[in-house]
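Q: Sequence first, predicted coordinates after that:
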Amino acid sequence: MKQLHKQTSHQIPTHAAKPAKPPSRSAASASAPTSFLRAAAWYLLREQRLVFVIAGAVIASTFFLLHPYHSSFPLLHTSDRFLHEGFLPGVRHPSFSSPSSSGGSVAVGAGFVGSHLVDKLLARGDNVIVIDNFFTGRKENVVHHFGNPSFELIRHDVVEPILLEVDEIYHLACPASPNCFKFLTFEYKTNVMGTLNMLGLAKRIGARFLLTSTSEVYGDPLEHPQKETYWGHVNPIGVRSCYDEGKRTAETLTMDYHRGAEVEVRIARIFNTYGPRMCLDDGRVVSNFVAQALRKEPMTVYGDGKQTRSFQFVSDLVDGLIALMQSEHIGPFNLGNPGEFTMLELAEIVKEVVRSFCNHRIQAQYCR
């Protein structure tokens, strides 16, 4: 058997060629920039493109000097939600650090109730910022305040965060009309995400927060009248549950922020309200009766018409909201008229009012 032996150093041929030494890397890298610059300069001179490069630089510099840069994506990506002066006269850009954005109130909503609240707050000398996505709110409700230095209007959806400096937040954002309940996910997102964002803002800036809830949180109550301590009787999967349960969730979030983050909170459970700027096709009983009477149609009364509701005028509600905000009451508080009317009584009142200036016969139509 053959044995394998390691080759010793004296067995390696001495005449083997040594590997060639690589060129110096430092020398190559030093000459590369010089070669590139020479080639670039020669190309510009040879192709006569230097003139065009200089001319382009001059034009660009002149343009940016005359038109300062404005970012298309400002803080919180809300630029597309602002109502610009050129689009809507009288509306100013929100100035997050201006005096008008500090030490004031923010009313989230330019709708039926929100616009009357804005009137009252401005009348008493507050600086007011109104936030609305105009899904149900209308610019016409606040157009008479355009040009008022104490008034700012921002087109913004509360499901997106926003940063403002205010002392008080009235959170009214949520479509309350039954006609809007078909937009189920939008309704619930506004109640949940919108409330979370406004509570987060209140926590961040130390503002007092008021949530406008609803008597609908009591559902089909088994207790009359309903006290704030009553938990309600609500169907969580009904066709109106997106509104009822959405408001109940908003109340839960509000109290959690009070207990966990020490945010000063108020909750207003609002009962039926009527008054100017109410949409004629709102879908609620007062607007339905008025609309049908004006159109010379029979007023639709469901059931026997003996079911009762309480109705308050919008200015009384606004006074209650402001008083609740200024009070030291924590938690829910009912805002409504203690007096109740049957649907038949309401129909008769609407009939008499409309007939006083519209000379036509009005009758009720019963639906069972």
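A: On my side now, so go ahead.
Q: what about Arg277, neighbour count?
A: 16 (other Cβ atoms under 10 Å). For the C-beta atoms, the positions are set from N, CA and C on the backbone; glycine is no exception.
Q: Then Ser327?
A: When neighbours are counted by other Cβ under 10 Å, Ser327 registers 10.
Q: Tell me the spacing between it and Ser241.
A: Distance of Ser327 to Ser241, computed by Cβ to Cβ, to the nearest Å: 31 Å.
Q: and what of Lys120?
A: Distance from Lys120 to Ser241, counting by Cβ to Cβ: 32 Å.
Q: neighbour count winner among these two?
A: Between Lys120 and Ser241, counted using other Cβ under 10 Å, Ser241 has the larger neighbour count: 19 against 16.
Q: Please name the nearest non-neighbouring residue to the more buried one.
A: Asn235 (6.3 Å; Cβ to Cβ, 6 or more residues apart in numbering).
Q: Correct me if wrong, but the one you found is in a helix.
A: No: secondary structure of Asn235 (DSSP: H, G, I helix; E, B strand; the rest coil): coil, not part of a helix.
Q: dump the residue contacts of it.
A: Contacts for Asn235 (Cβ atoms under 8 Å, 6 or more residues apart in numbering) come out as 219-220, 241, 244.
Q: give me the element Val353 is part of.
A: Val353 belongs to helix 343-355 when assigned by DSSP states H and E.
Q: Please identify the buried residues of that helix?
A: For helix 343-355, the neighbour count (16 or more other Cβ atoms under 10 Å) marks 343-344, 346-348, 350-351, 354 as buried.
Q: The closest residue to Leu317 other than its chain neighbours: how many residues sit nearby?
A: Residue nearest to Leu317 in three dimensions, not counting chain neighbours: Thr273, with 5.1 Å by Cβ to Cβ, 6+ apart. Thr273 has 24 neighbours, counted by other Cβ under 10 Å.
Q: how about the helices of the stretch 201-350 of the chain, start to end?
A: Counting by DSSP state H, counting those that start in this stretch, the segments of the stretch 201-350 of the chain that form helices are 241-261, 285-294, 314-326, 343-355.
Q: Tabulate those helices in TSV, adding columns for mean pLDDT.
A: TSV is the format used below for the helices of the stretch 201-350 of the chain (pLDDT from 0 to 100):
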stretch	mean pLDDT
helix 241-261	94
helix 285-294	87
helix 314-326	97
helix 343-355	87
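Q: Let's have the ones you listed in TSV, adding distance to Asp304.
A: Converted to TSV, the helices of the stretch 201-350 of the chain look like this (distance: least, Cβ to Cβ, whole Å):
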stretch	distance to Asp304
helix 241-261	25
helix 285-294	15
helix 314-326	29
helix 343-355	8
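Q: Quick one: closest of these to Thr308.
A: helix 343-355 (8.0 Å; Cβ to Cβ).
Q: export that closest one as PDB, just CAs?
A: Extracted C-alpha coordinates of helix 343-355, given in PDB (Å, rounded to 0.1, in the frame of the first residue of the first chain):
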ATOM      1  CA  MET A 343     -98.400  63.000  17.600                       C
ATOM      2  CA  LEU A 344    -102.000  64.000  17.100                       C
ATOM      3  CA  GLU A 345    -101.500  67.200  19.100                       C
ATOM      4  CA  LEU A 346     -98.300  68.000  17.100                       C
ATOM      5  CA  ALA A 347    -100.100  67.400  13.900                       C
ATOM      6  CA  GLU A 348    -102.900  69.900  14.900                       C
ATOM      7  CA  ILE A 349    -100.300  72.500  15.900                       C
ATOM      8  CA  VAL A 350     -98.600  72.200  12.600                       C
ATOM      9  CA  LYS A 351    -101.900  72.300  10.800                       C
ATOM     10  CA  GLU A 352    -102.900  75.600  12.500                       C
ATOM     11  CA  VAL A 353     -99.600  77.300  11.900                       C
ATOM     12  CA  VAL A 354     -99.400  76.400   8.200                       C
ATOM     13  CA  ARG A 355    -103.100  77.200   7.600                       C
END
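Q: Show me what it packs onto, helices and strands only.
A: If you count contacts as 3 or more Cβ pairs under 8 Å, 6 or more residues apart in numbering; DSSP states H and E, helix 343-355 packs onto helix 285-294, strand 299-302, strand 308-309.
Q: go again using 6 Å as the cut-off
A: Secondary-structure packing of helix 343-355 (3 or more Cβ pairs under 6 Å, 6 or more residues apart in numbering; DSSP states H and E): helix 285-294, strand 299-302.
Q: Quick one, which of the contacts of Asn235 are buried?
A: Of the members of those, the ones counted as buried by neighbours, 16+ other Cβ under 10 Å, are 219, 241, 244.
Q: pretty sure the last one contacts His233?
A: When you say that, I think you mean Asp244. No: with contact defined as Cβ atoms under 6 Å, Asp244 does not count as touching His233 (10.5 Å).
Q: between the two, what contacts are shared?
A: Residues touching both Asp244 and His233 by Cβ atoms under 6 Å, 6 or more residues apart in numbering: none at all.
Q: What about the closest residue to Phe311 other than its chain neighbours? Give its phi and psi, please.
A: Using Cβ to Cβ, 6+ apart and skipping the chain neighbours, the partner closest in space to Phe311 is Asn272 (4.8 Å). Note on Asn272: its backbone torsions stand at phi -50, psi 130 [degrees, to the nearest 10].
Q: Pull the number of nearby residues for Asn272.
A: As a measure of burial, Asn272 has 19 neighbours, counting by other Cβ under 10 Å.
Q: mind checking how far it is from Pro236?
A: Look at Asn272 and Pro236: by Cβ to Cβ, they are 23 Å apart.
Q: And Arg38, by the same measure?
A: Distance from Arg38 to Pro236, by Cβ to Cβ: 78 Å.
Q: cool, and Ala291?
A: As judged by Cβ to Cβ, Ala291 and Pro236 stand 31 Å apart.
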